[in-house]
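Chemist: one predicted model, sequence on top.
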Amino acid sequence: MDNVKFEKMMFEHLDQVILIENISFPTPWSKNAFDYELTYNDFAHYIVALNDDNQVIGYAGVWIILDEGHITNIAIHPGWRSTGLGFTLMQELISRAALLGVERFTLEVRPSNKPARALYQKLGFVEKGLRKQYYTDTKEDAIIMWMDLSSHSL
């Protein structure tokens, strides 16, 4: 991924982030939701992946609470999917969070999202539980996954 760089998400990235968000999710976050995360949520840490033209091609976020990181979202532009960018983006997010003291990570994922589940398993996340009817748009359950940095090296 030599032609990709990672930066802290900034307000000027939001229009491009929203385009990817709307393509990627059945119930996308609004621009206001991301704006709130960047402005008011002290737990929130978001990064973007940029191509050679400084276009946003992916983004990811984590809430850091003490020594735990809750992955809030990750999305990749359709033209960059299946390139390894998702894996590299998650590694970057996890590495940055680890520098801030995070030792464990958790996330929720739809059972139907097989590509995401495979990515998380490749990163060392393990399925640990289920949240019934977590996704309000479809009433789909959420698989809860955890990863402990002490037992994995990225």
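Modeler: The structure has been received and is ready for your questions. Fair warning: this is a prediction, and the values are worked out from it, not measured in the lab.

Chemist: quick one: the strands in this protein?
Modeler: 5-8, 44-50, 56-65, 68-76, 104-109, 126-131, 142-148 (DSSP state E).

Chemist: okay, now the closest residue to residue 75 other than its chain neighbours: neighbour count?
Modeler: Among residues not flanking residue 75 along the chain, residue 24 sits closest, at 4.1 Å (CB to CB, 6 or more residues apart in numbering). Where C-beta positions appear, they are placed from N, C-alpha and C, glycine not excepted. Residues near residue 24, counting by other CB atoms under 10 Å, number 17.

Chemist: distance of residue 96 from residue 49?
Modeler: Look at residue 96 and residue 49: by CB to CB, to the nearest Å, they are 13 Å apart.

Chemist: which one's more surrounded, these two?
Modeler: Neighbour count, other CB under 10 Å: between residue 96 and residue 49, residue 49 has more, with 23 against 18.

Chemist: contacts for the helix ranked longest in the chain?
Modeler: In the chain, with assignment by DSSP state H, the single longest helix is helix 85-99. Applying CB atoms under 8 Å, 6 or more residues apart in numbering, the contact partners of helix 85-99 are 1, 4, 6, 45, 47, 49, 57-62, 64, 69, 71, 74, 76, 102, 105, 119-120, 122-123, 149, 154.

Chemist: go with 7 Å
Modeler: Here helix 85-99 makes contact (CB atoms under 7 Å, 6 or more residues apart in numbering) with 1, 4, 6, 45, 47, 49, 57-58, 60, 62, 64, 69, 74, 76, 105, 119, 122-123, 149, 154.

Chemist: buried ones from those, can you make that a PyMOL selection?
Modeler: To isolate the buried ones among these in PyMOL, judged by 16 or more other CB atoms under 10 Å, type:
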select buried, resi 4+6+45+47+49+57+58+60+62+64+69+74+76+105+119+123+149
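
Chemist: quick check: bridge partners of the spatially most central residue of the chain?
Modeler: Nearest residue to the geometric centre of the chain (CA atoms, centre = their mean): residue 74, 2.8 Å. Counting by DSSP bridges, residue 74 forms beta bridges with residue 60.

Chemist: perfect, I'm done here.
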